[in-house]
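S.K.: Using only what follows, build the 3D model:
(one chain, ligands or ions: 2)
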Amino acid sequence: MYGPLMADDVVKRCRADDHIDLHDRDPGDKLGWDKQWAQAAFAEEMAVVSDLQRKFFAAENTALLVVLQAMDAGGKDGTIRSVLNGVNPAGVDVNSFGVPSDEERAHDYLWRVHAHAPAMGQIGIFNRSHYEDVLVVRVKGFAPESVWSKRYDHIKHFEKMLADEGTHVVKIFLNVSKEKQRERLQDRVDDPDERWKFRLGDLDDRKLWDDYQAAFRDAIRKTTTPDAPWYIVPADRKWVRNLVVAKILRHHLEQIDPQYPPADEGFEGLIVE
Ligand code: AMP
Ligand code: MG
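M.R.: Ligands and ions are numbered 1, 2, ... in the order given. Model prediction:
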């Protein structure tokens, strides 16, 4: 079983490389954990993340961008909810990217995402992102191949620029199985409290499952870099997903190694009256 001190192993195991095949990554992987243990470990990891975030927020000299991508019902919203539970909300900036507005469509595809890149000291979370422009756009043919095929390089350069300027970029693919997606979409249809999340269009996308998997595979292969790595997180079980994401956040915040800014001179022995 992986203990809290072995975060690096989990992080390494979920990291993508430039020849990954999604068929080799089991969405139902439990990583040797059991649910009760993993839920307790999640709370412990988030306590560490929260401490690191306090320093990161105070230091205000780096930013962390977490890009979340998944198929429908892959757990993006749930991941954001659980992670936000454990950190200071003032230091988190969540942005969702849906179908582009007229104004957004009138600009290049990176314009709308760049505007929401996190400020120094902030953890930015992208619920969908510029990757939609090589995913849905490719699968649905919203742009010709001659256009979307050039975007992998743009994206790599864009993310390198962010990294060079102080923003750590971490990209997470919540890897859900086709069967689990079916279950979750069915729940959305059946449960009045979940129905608002369901759109008929989700079924059209589901029919294109294999095309989406291929588009994800290519996006991950072509844009995973040391400066902006992709992680493939087993996402059929929420308790596995949450703990893996917590470990990834911890790992990257530890790499950043934030420090409180030095106090002004003259505080020593000061009495506040
Ligand atoms: P949701 O995240 O469920 O609110 O759905 C947002 C929808 O917006 C999804 O169907 C995405 O595929 C779609 N979307 C996001 N970005 C783009 C884009 N750049 N072009 C076209 N559709 C997009
Ligand atoms: Mg949806």
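S.K.: hey, where'd the helices end up in the stretch 51-200 of the chain?
M.R.: Assigned by DSSP state H, counting those that start in this stretch, the helices in the stretch 51-200 of the chain fall at 76-85, 102-105, 111-114, 136-139, 145-148, 151-164, 178-190.
S.K.: so which of the ones you listed is the most packed in?
M.R.: Each of these was assessed for mean neighbour count using mean count of other CB atoms under 10 Å. The highest is helix 136-139, with a mean of 20. C-beta here means a position set from N, CA and C on the backbone, and glycine is covered the same way.
S.K.: would JSON lines of the helices of the stretch 51-200 of the chain with distance to residue 50 and mean pLDDT be doable?
M.R.: Below are the helices of the stretch 51-200 of the chain laid out as JSON lines (distance: least, CB to CB, whole Å; pLDDT from 0 to 100):
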{"stretch": "helix 76-85", "distance to residue 50": "10", "mean pLDDT": "94"}
{"stretch": "helix 102-105", "distance to residue 50": "34", "mean pLDDT": "98"}
{"stretch": "helix 111-114", "distance to residue 50": "27", "mean pLDDT": "98"}
{"stretch": "helix 136-139", "distance to residue 50": "34", "mean pLDDT": "98"}
{"stretch": "helix 145-148", "distance to residue 50": "39", "mean pLDDT": "98"}
{"stretch": "helix 151-164", "distance to residue 50": "24", "mean pLDDT": "98"}
{"stretch": "helix 178-190", "distance to residue 50": "29", "mean pLDDT": "98"}
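S.K.: residues touching whichever residue of the chain sits closest to ligand 1, list them.
M.R.: At 3.2 Å from ligand 1, residue 132 is the closest residue in the chain, using CB to the nearest ligand atom. Applying CB atoms under 8 Å, 6 or more residues apart in numbering, one finds that residue 132 lies in contact with residue 97.
S.K.: Ok, residue 133 next?
M.R.: Each residue near residue 133 by CB under 8 Å, 6+ apart is listed here: 109, 143, 148, 151.
S.K.: ok, the residues you listed vs residue 46, which is closest?
M.R.: Among these, residue 109 lies closest to residue 46 (CB to CB), at 33.5 Å.
S.K.: No further queries at this time; thank you.
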